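# Just the structure for this:
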Amino acid sequence: MSNVIKFERPPEPEAPKQKKAISPALRKALIWLCLLLAFVGAWLYFTLLGGGGATA
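The predicted structure is shown next:
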């Protein structure tokens, strides 16, 4: 057993993986599609279930 500290170089970090790029046109189309689906879903919810809002 020795009292000498052994200095070693740490392992090099792995290179980050590239994210798959989505074209701006496709991204915009997906955003509009999600917004449309959200409005259609809300409309269906209130149409089929009534919403249960207060009446005047």
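
# Report the buried residues of the helix or strand harbouring Cys34.
Following DSSP states H and E, one finds Cys34 within helix 24-49. Judged by neighbour count (16 or more other C-beta atoms under 10 Å), helix 24-49 contains no buried residues. For glycine as for every other residue, the C-beta is placed from the backbone atoms N, C-alpha and C.

# Now find how far off-centre it is within its chain.
Computed by C-alpha atoms, centre = their mean, to the nearest Å, the separation of helix 24-49 from the middle of its chain amounts to 17 Å.

# remind me which residues of this protein are low pLDDT?
Along the chain, segments meeting pLDDT under 70 span 1, 51-56.

# mind running it again at 80?
Scanning the chain for pLDDT under 80 picks out 1-2, 50-56.

# Provide a list of residues in contact with Glu14.
Listed by C-beta atoms under 8 Å, 6 or more residues apart in numbering, the contact set of Glu14 is empty.

# Lys20 versus that one, what's the distance?
If you measure Glu14 against Lys20 using C-beta to C-beta, to the nearest Å, the figure is 18 Å.

# do Arg9 as well
Distance of Arg9 to Lys20, computed by C-beta to C-beta: 33 Å.

# for Leu35, same thing?
For Leu35 relative to Lys20 (C-beta to C-beta), the value is 23 Å.

# Repeat that for Ser2.
Distance from Ser2 to Lys20, by C-beta to C-beta: 51 Å.

# again, but for Ala38
From Ala38 across to Lys20, the span is 25 Å (C-beta to C-beta).

# nearest residue to Ile22 other than its sequence neighbours?
The shortest distance from Ile22 to any non-neighbouring residue, by C-beta to C-beta, 6 or more residues apart in numbering, is to Leu30 (7.8 Å).
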